[in-house]
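S.K.: Show me the folded form of this:
(one chain, ligands or ions: 1)
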Amino acid sequence: MPRSDDLQFFLDELKTSIAKCQPAHEIQSATTLAFQRLETLGQEKWSSNHSEAPATAWLEQAIKTAKAGPTGKLADALENLAPKLFWQRRMDRPSIHPKWPNSHANSVIIGDTGLECRNDVRIGVSLLAPYTIYPNHQHPPEEVYIALSNGSWRQNDGFWQTRGAGGLIYNPPNIVHAMKSNSDPLLAIWILPLSLL
Ligand SMILES: [Fe+2]
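M.R.: Sure thing, here's the model as predicted:
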């Protein structure tokens, strides 16, 4: 059975949007690997939209703003998928901020708990309410973000780097990194090619 139209459209728009943003070599290399793997289908699961994350109250506004910007078609594709997404909170990411539990939401699109179940690529979306810091974390796979909104990203103890819609961010394996929203909700898609053991 082929991949569903909504999911394929989203992946096509993701690939096109990254290519349009003139990716640096390491981003091109990581995303080329991910999209090559995605030429083989994983197991698609159908789920009804549900959420364990109050921050999804910001989703409509974030998508509406993104649709009017340079990643508008990617935002359209994400909007098409929205009825199937399962939004969760990352309570394993320690934060000292009392609003953290209700001010962020993550949804896996491709991956072990995503709409397409597979273990070689992980793709998902993060949403932050305004003025929220997604705290420092690290993981072995390298990671590429594409911003669909304004936001800021940081590695180690470096300065916050602000990106607008269409901005790309590359996190090498195991680097400590964080992101934060400013006055707008932050919407960003992340891509991790996973190591195959
Ligand atoms: Fe990360």
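S.K.: what residue ranges in this protein score low on pLDDT?
M.R.: By pLDDT under 70, the low-scoring segments of the chain are 46-49, 197.
S.K.: Can you check which helix is longest in it?
M.R.: Secondary structure assigned by DSSP state H gives helix 5-20 as the longest helix of the chain.
S.K.: Toward the C-terminus, what is the element adjacent to it?
M.R.: Once the chain leaves helix 5-20, the next helix or strand it forms, by DSSP states H and E, is helix 25-37.
S.K.: That following helix relative to helix 5-20, how many degrees between them?
M.R.: If you take axes from the mean of the first three to the mean of the last three C-alpha atoms, to 10 degrees, helix 25-37 sits at 160 degrees to helix 5-20.
S.K.: So what touches helix 25-37?
M.R.: 11, 15, 18, 23, 118, 120-121, 123, 142-144, 168, 170, 172, 191-193 (C-beta atoms under 8 Å, 6 or more residues apart in numbering). C-betas here are computed from N, CA, C, even on glycine.
S.K.: Filter these down to just the buried residues.
M.R.: Among the contacts of helix 25-37, those classed as buried by 16 or more other C-beta atoms under 10 Å are 11, 15, 18, 23, 118, 120-121, 123, 142-144, 168, 170, 191-193.
S.K.: ok, so of those, who is nearest Ser107?
M.R.: The nearest member of the buried ones among the contacts of helix 25-37 to Ser107, counting by C-beta to C-beta, is Ile123 at 10.1 Å.
S.K.: correct me, but that closest one touches Ile110?
M.R.: Yes: counting by C-beta atoms under 8 Å, Ile123 does reach Ile110; the two are 4.0 Å apart.
S.K.: any common contacting residues for those two?
M.R.: Common neighbours of Ile123 and Ile110, counting by C-beta under 8 Å, 6+ apart, are Leu11.
S.K.: which residue ranges form the helices in this structure?
M.R.: For the chain, the helices defined by DSSP H occupy 5-20, 25-37, 59-67, 72-81.
S.K.: okay if I get the ones you listed as CSV plus distance to Asn102?
M.R.: Below are the helices of the chain laid out as CSV (distance: least, C-beta to C-beta, whole Å):
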stretch, distance to Asn102
helix 5-20, 27
helix 25-37, 31
helix 59-67, 14
helix 72-81, 22
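S.K.: Tell me where the protein has strands.
M.R.: 43-44, 50-51, 86-87, 104-110, 116-117, 121-128, 133-137, 143-147, 151-155, 161-163, 168-171, 177-180, 186-193 (DSSP state E).
S.K.: okay, these in JSON lines with distance to Thr71 next?
M.R.: Shown next, in JSON lines, are the strands of the chain (distance: least, C-beta to C-beta, whole Å):
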{"stretch": "strand 43-44", "distance to Thr71": "24"}
{"stretch": "strand 50-51", "distance to Thr71": "23"}
{"stretch": "strand 86-87", "distance to Thr71": "20"}
{"stretch": "strand 104-110", "distance to Thr71": "15"}
{"stretch": "strand 116-117", "distance to Thr71": "21"}
{"stretch": "strand 121-128", "distance to Thr71": "12"}
{"stretch": "strand 133-137", "distance to Thr71": "19"}
{"stretch": "strand 143-147", "distance to Thr71": "7"}
{"stretch": "strand 151-155", "distance to Thr71": "13"}
{"stretch": "strand 161-163", "distance to Thr71": "11"}
{"stretch": "strand 168-171", "distance to Thr71": "11"}
{"stretch": "strand 177-180", "distance to Thr71": "16"}
{"stretch": "strand 186-193", "distance to Thr71": "9"}
